[in-house]
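Asker: 3D, please:
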Amino acid sequence: MKIVNLTSGKLSSRFLQKGTKGPLHCVPSDVEDTATTLPRPVDKSMMVRLQLKRRLKYKAIWEEQLVNPNDVRDALFVLTKMHPGYKNIKINDIDENYLTSDQEKTMTITLS
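Answerer: As a prediction, this is how the structure comes out:
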């Protein structure tokens, strides 16, 4: 099987539609694990849009992606333990409820 571009032109290759050429085999997958873990907890499902620029003075965004703040925090903990350049960095403690929305907080206050 080979993945090919369906359209041609001057567009970037990441925006083009893809197609397949040759035999394609569809294999059923067991979704029981996925179904039992959904919905994900709020603290594990939050994603933050990260926009990278080549320089701070530039207005244009060079690259954009979604990151999980908990994964970034865990990586920072590892860096502070292992890398000598990060030994003096202090990570601020955060409230465990920082990921819940204000609406959920007001509902819990009014119900109690």
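Asker: contacting residues for the residue positioned nearest the centre of the chain?
Answerer: Centroid check for the chain by CA atoms, centre = their mean gives residue 67 as the closest residue, at 3.2 Å. By CB atoms under 8 Å, 6 or more residues apart in numbering, residue 67 lies in contact with 47-48, 50. C-betas here are computed from N, CA, C, even on glycine.
Asker: which one of these has the most neighbours?
Answerer: Of all those, the highest neighbour tally under other CB atoms under 10 Å goes to residue 50, namely 13 neighbours.
Asker: Need the nearest residue in space to that one, chain neighbours excluded.
Answerer: In this structure, residue 50 finds its nearest non-sequential neighbour in residue 67, 5.0 Å apart by CB to CB, 6 or more residues apart in numbering.
Asker: Determine the longest helix present in this structure.
Answerer: If you go by DSSP state H, the chain has its longest helix at helix 69-82.
Asker: all strands for the chain, in order.
Answerer: Using DSSP state E, the strands found in the chain span residues 2-5, 18-21, 48-52, 63-67.
Asker: The third one packs against which elements?
Answerer: Read it as strand 48-52. On a contact count with 3 or more CB pairs under 8 Å, 6 or more residues apart in numbering; DSSP states H and E, strand 48-52 meets strand 63-67.
Asker: Name every strand pairing with the strand it packs on and say which way it goes.
Answerer: Here strand 63-67 has these sheet partners by DSSP bridges: strand 48-52 (antiparallel).
Asker: same question for the strand it pairs with, mean pLDDT?
Answerer: Mean per-residue pLDDT for strand 48-52: 86.
Asker: ok, residues contacting that strand?
Answerer: Applying CB under 8 Å, 6+ apart, the contact partners of strand 48-52 are 61-69.
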